[in-house]
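Trainee: Fold the stuff below for me.
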Amino acid sequence: MELETARTLASTEGRAMLAALPPYSAATADHMNSRLRAHGMAPDLAAAALTQLALRAEAADRLGPVADLLLLTRTGLEQATRTVVAAHHAHRFRRAEVDLVADLGCGLGLDSLAIAGLGTRVLAVERDPVTATFARANLEPFDGAEVREGDALEIDLPDVGADALWADPARRDAAGRRLADPESWGPPLSAVVARARSVRAAGIKVAPGIDLDHVPDDAHAQWVSVDREVVEAALWFGDAAPEGPGRSALVLTDEQPHLLAPEQGGPRPPSAPHEEAPVAPLGAYLHEPDGAVIRAGLVAELGRRLGAGVVSERIAYLTSDEPAGSPFARSYRVLEQVDAGAKGLARALAAREIGDLTIKQRGSGVKVEDVRRRLRLTGPNRATLVLTRAQGRHVALLVEPV
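Mentor: Down below sits the predicted model:
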């Protein structure tokens, strides 16, 4: 998008024009484009307006109703923090009682929006002119928020009076591919960590799949899931991490927060080896830990709280004779153990007239779609099948959600 077009959309008149347009529909997009141009709108502006409507519709699940008030870009939306998670970031800075948060590489300014919304001043820095223009419009309602165009690493934090830092390094290349190496992020993780240590409270958003070798030992690493989907990990430093170095899982279900952290042994470096849970005989229930719990290496901690063990070494299914009743795991009642071989499994499901089958696998070494293709399911009944290992042995379990 051209900068001049972005500035037009970000103007008071541009935002009023967007607010007056009907909700986006792919079926009527071409017709709406033609109508806008027939009313004298420049082709590039008409296309940009429709893009905004489409992005807002796409962002609704992640950002909620506020999406209809924002200016968005495709790249910015892909990296945007969910509104409910951004609120938790903002609360960390509010509890740390910081004066000014420097949001380095702010993107569309959505984390800054949450921080400013809690009354903390924020300086949002963005290098891309179009994105900075949209961030400035998004943050316009807050007197305590300023957007500055520039390089995140060139901002002199003491000079601007920042005593806290939030950073969300770009984790994709120019072609949109994910970058696994944190040193290839923009800015590199090591450079952002160095800046984080120079202020008294800091947070850095990182990829959920980050290798623990890249996590500094003075950080608190927290993995976050929203409604059973792992959406991010973040590293917290200083006063923004009152729990001290270590790992935790934040599970948000129906926007309610649930925190899982080790209760024994005190703070440990986040790079410390995961505690291994004891293996237990297959019980009446199977428990599937939330992805954030697994990423944080807290399956053993969860098992201790549930009185459960893992079904086999290095398999993240817990088992016990009682349902979990926990936000950190989904429980299944074990109905039957069936033949795990392909032919035996097909016979067992055919005998039960299973036509609608949910397949879960962990540690079985098979591809779910290959299994489904071989089964040729027909019948009126539904079932859930778990392919895994129990005490080192391959098993197939028919289960039902609790």
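
Trainee: where does the most centrally placed residue in the chain fall, helix, sheet strand or coil?
Mentor: Centroid-nearest residue in the chain: Val231, 1.2 Å away (criterion: Cα atoms, centre = their mean). Under DSSP: H, G, I helix; E, B strand; the rest coil, Val231 falls in the strand class.

Trainee: Is it in contact with Lys205, as I believe?
Mentor: No - under the criterion of Cβ atoms under 8 Å, Val231 makes no contact with Lys205, lying 10.2 Å away. (C-beta placed from N, C-alpha, C; glycine too.)

Trainee: gap between Ala54 and Pro23?
Mentor: Plainly put, Ala54 is 10 Å away from Pro23 if you go by Cβ to Cβ, to the nearest Å.

Trainee: Which one's more surrounded, the two?
Mentor: Neighbour totals were compared for Ala54 and Pro23, and Ala54 leads with 16 against 10 (other Cβ atoms under 10 Å).

Trainee: From Gly107, how far off is the nearest residue to that one once chain neighbours are set aside?
Mentor: Distance criterion Cβ to Cβ, 6 or more residues apart in numbering; nearest residue to Ala54, sequence neighbours excluded, is Tyr24 at 4.9 Å. Tyr24 sits 22 Å away from Gly107, going by Cβ to Cβ.

Trainee: Check Asp159 too.
Mentor: Taking Cβ to Cβ, one finds Asp159 at 23 Å from Gly107.

Trainee: thinking again about what came up before, could you report the pLDDT at the residue nearest to Ala54?
Mentor: Tyr24 is assigned 92 on the pLDDT scale.

Trainee: Quick check: bridge partners of Ser248?
Mentor: Counting by DSSP bridges, Ser248 is bridged to Gln222.

Trainee: give me every residue that touches it.
Mentor: Contact analysis of Ser248 by Cβ atoms under 8 Å, 6 or more residues apart in numbering lists 220-223, 259-261, 296, 298.

Trainee: By neighbours, which of the residues you listed wins?
Mentor: Top of the contacts of Ser248 by neighbour number is Ala296, holding 29 neighbours under the definition other Cβ under 10 Å.

Trainee: Would you check how far apart it and Val251 are?
Mentor: In terms of Cβ to Cβ, Ala296 sits 10 Å off from Val251.

Trainee: again, but for Phe134
Mentor: 31 Å.

Trainee: How about Leu179?
Mentor: 27 Å.

Trainee: Looking at the two, which is more packed in?
Mentor: Val251 (25 against 15).

Trainee: buried sites along the strand or helix carrying the more buried one?
Mentor: If you go by DSSP states H and E, Val251 is part of strand 246-253. For strand 246-253, the neighbour count (16 or more other Cβ atoms under 10 Å) marks 246-252 as buried.

Trainee: for those residues, which one is nearest Glu353?
Mentor: Val251 (36.4 Å; Cβ to Cβ).

Trainee: Excluding chain neighbours, what is closest to that closest one?
Mentor: Closest to Val251 by Cβ to Cβ, 6+ apart is His258, at 4.5 Å.

Trainee: Mean confidence (pLDDT) on the helix or strand that contains that neighbour, please.
Mentor: Following DSSP H and E, the helix or strand that holds His258 is strand 256-260. Taken as a whole, strand 256-260 has a mean pLDDT of 94.

Trainee: quick one: contacts of that strand?
Mentor: Residues outside strand 256-260 that contact it (Cβ under 8 Å, 6+ apart) are 88, 248-252, 292-293, 296, 298, 301-302, 327-328.

Trainee: Go ahead and measure how far it is from the middle of the chain.
Mentor: Strand 256-260 sits 15 Å away from the centroid of its parent chain (Cα atoms, centre = their mean, to the nearest Å).

Trainee: The helix or strand that comes right after that strand pairs with which strands?
Mentor: The helix or strand immediately downstream of strand 256-260 is strand 285-289, counting by DSSP H and E. Strand pairing for strand 285-289, determined by DSSP bridges: strand 318-320 (antiparallel), strand 329-338 (antiparallel).

Trainee: got the buried residues for the next helix or strand after the last one?
Mentor: Helices and strands here follow DSSP H and E; after strand 329-338, the next one along the chain is helix 342-351. Under the neighbour-count criterion of 16+ other Cβ under 10 Å, helix 342-351 has 345-346, 348-349 buried.

Trainee: related to what we said a few turns ago, out of Tyr24 and Gly107, which sits in the more crowded spot?
Mentor: Just comparing Tyr24 and Gly107: by other Cβ under 10 Å the higher neighbour count belongs to Gly107, 26 against 17.

Trainee: what's the longest helix seen in the chain packed up against?
Mentor: Once the chain is assigned using DSSP state H, the helix that runs over the most residues is helix 43-63. Here helix 43-63 touches helix 3-10, helix 12-20, helix 29-38, helix 74-79, going by 3 or more Cβ pairs under 8 Å, 6 or more residues apart in numbering; DSSP states H and E.

Trainee: Alpha carbons of the longest one, in PDB - could you do that?
Mentor: So the one you mean is helix 29-38. Extracted in PDB, the C-alpha atoms of helix 29-38 (Å, rounded to 0.1, in the frame of the first residue of the first chain):
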ATOM      1  CA  ALA A  29     -16.800  -7.300  -2.900                       C
ATOM      2  CA  ASP A  30     -16.500  -6.700  -6.700                       C
ATOM      3  CA  HIS A  31     -19.900  -4.900  -6.700                       C
ATOM      4  CA  MET A  32     -18.900  -2.700  -3.800                       C
ATOM      5  CA  ASN A  33     -15.600  -1.900  -5.500                       C
ATOM      6  CA  SER A  34     -17.500  -0.800  -8.600                       C
ATOM      7  CA  ARG A  35     -19.900   1.400  -6.600                       C
ATOM      8  CA  LEU A  36     -17.100   3.100  -4.800                       C
ATOM      9  CA  ARG A  37     -15.300   3.900  -8.000                       C
ATOM     10  CA  ALA A  38     -18.500   5.000  -9.600                       C
END
